[in-house]
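J.: Sequence plus the predicted model coming up.
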Amino acid sequence: MSDSIAGTVIDCLEFARSGGVLERSVGLDELPRLADLLVTKTGVLTVRVEGRRDDQGKSWLQLEVSGEPELCCQRCLQGVKFPLGIRSRLQLIGPGEEWPDDDLVDDSADAIAADKALAVLSLVEEEVLLALPIAPRHEQCESPSATVIEHGSSPFAALAALKKH
């Protein structure tokens, strides 16, 4: 059995019916939509997918993703580690089943279409992208322009010096 999740495809409803469990890892370099947000593509996320059916006959996937990707700080443009601890409950909606009314159902779960060929890597990437901050940044850091001004190499200072001559 391969340790990577790349290429893993499951039949959602069958996976849930049989109580399937999938535990694998995914390299950050395997997530192309995440690449632009990362400082480095080295690193691994640990993924666990568990299927189950409840007493009402509804099918569910429980997705857990953990890891610490290094994102680009939007303030200083350096790397900032972002600890991930994703736990998603996904209700599987089969063909012909009625979708739950979002206003009446609690927010502890999301509904997705049950797919006979769900690419687990795509599901993981989608959940990671949804969990990341819009503008990641350190608790405290300085912008690159602040450090440049402290060192006296501001382009405006150079223009002011030219204006004096």
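T.: Everything's here; your move.
J.: wait, what's in contact with the spatially most central residue of the chain?
T.: Against the mean C-alpha coordinate of the chain, by Cα atoms, centre = their mean, the closest residue is Val128 at 1.1 Å. Counting by Cβ atoms under 8 Å, 6 or more residues apart in numbering, Val128 makes contact with 31, 34, 45, 65, 69, 84, 86. Where C-beta positions appear, they are placed from N, C-alpha and C, glycine not excepted.
J.: give me every residue that touches Gln140.
T.: By Cβ under 8 Å, 6+ apart, Gln140 has no neighbours at all.
J.: Leu121 too?
T.: Neighbours of Leu121 in contact, by Cβ under 8 Å, 6+ apart: 5-8, 26, 30-31.
J.: Going by neighbour count, which of these comes out on top?
T.: Val26 (24 neighbours; other Cβ atoms under 10 Å).
J.: Can you mark which positions in the top helix by length along the chain are buried?
T.: Counting residues, the longest helix found in the chain (DSSP state H) is helix 120-131. Buried positions in helix 120-131, judged by neighbour count with 16 or more other Cβ atoms under 10 Å: 120-121, 123-125, 127-128.
J.: now these as CSV including pLDDT?
T.: Listed next are the buried residues of helix 120-131 as CSV, based on pLDDT from 0 to 100:
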residue, pLDDT
Val120, 92
Leu121, 92
Leu123, 93
Val124, 94
Glu125, 94
Glu127, 95
Val128, 95
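J.: Farthest-apart pair in those, please.
T.: The span of the buried residues of helix 120-131, defined through Cβ to Cβ, is set by Val120 and Val128 at 12.5 Å.
J.: Asp11 - nearest residue in space that isn't next to it in sequence?
T.: Lys116 (4.9 Å; Cβ to Cβ, 6 or more residues apart in numbering).
J.: tally of neighbours for the one you found?
T.: 11.
J.: Same question for Lys164.
T.: 5.
J.: State the distance from it to Ala157.
T.: Distance, Lys164 to Ala157, using Cβ to Cβ, to the nearest Å: 11 Å.
J.: Many thanks, I have nothing further to ask.
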